[in-house]
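Asker: Predicted model and sequence follow; I will ask about them next.
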Amino acid sequence: MKTLALATLLAFAPLVGTASAQTASTDGVHTMDGQVTKVDAKKGWVDVKTPEGRMKLHFPPPALDNVKVGDSITVGLGMKKISSAK
């Protein structure tokens, strides 16, 4: 299985835990397995189908150099609240 480095909603925060169909922790870090359905390596976009749904993610373009449609990958996501809605 090819592993896609890491997608975060903030920056490239460290990912803790191991890859599985879906893992989550209380610190906002989450991983899930999926299949690549579309890649635009020049612009850094990849579409991934997971059991939870479909995602469109952005990476630095070089991170997608070896990613192809049909690859099985693990995606890691991190989130940190920076402000509250008013």
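Answerer: That came in fine, so what should we check first?
Asker: Going by C-alpha atoms from here, please, whenever you check contacts or count neighbours.
Answerer: OK.
Asker: From L64, how far out is S84?
Answerer: 34 Å (C-alpha to C-alpha, to the nearest Å).
Asker: Looking at those two, which one has more neighbours?
Answerer: The neighbour comparison of S84 against L64 (other C-alpha atoms under 10 Å) goes to L64, with 20 against 5.
Asker: my guess is that one meets A41, correct?
Answerer: Yes: the criterion here is C-alpha atoms under 8 Å, and L64 meets it with A41 at 5.2 Å.
Asker: Tell me the helix or strand right after the top strand by length along the chain.
Answerer: For the chain, the strand with the greatest residue count under DSSP state E is strand 29-40. For strand 29-40, the following helix or strand on the C-terminal side (DSSP states H and E) is strand 45-50.
Asker: how about low-confidence regions in this protein?
Answerer: Within the chain, the stretches with pLDDT under 70 are 1-26.
Asker: With adjacent residues omitted, what lies nearest to V29?
Answerer: Spatially, and ignoring its direct neighbours in sequence, V29 is nearest to G78 (4.4 Å; C-alpha to C-alpha, 6 or more residues apart in numbering).
Asker: State the distance from the one you found to D71.
Answerer: Distance of G78 to D71, given as C-alpha to C-alpha: 22 Å.
Asker: Counting neighbours around each, name which of these two comes out higher.
Answerer: Applying other C-alpha under 10 Å to G78 and D71 shows that G78 carries more neighbours, namely 21 against 17.
Asker: That one contacts M32, correct?
Answerer: No: applying C-alpha under 8 Å, one finds G78 not in contact with M32, separated by 11.8 Å.
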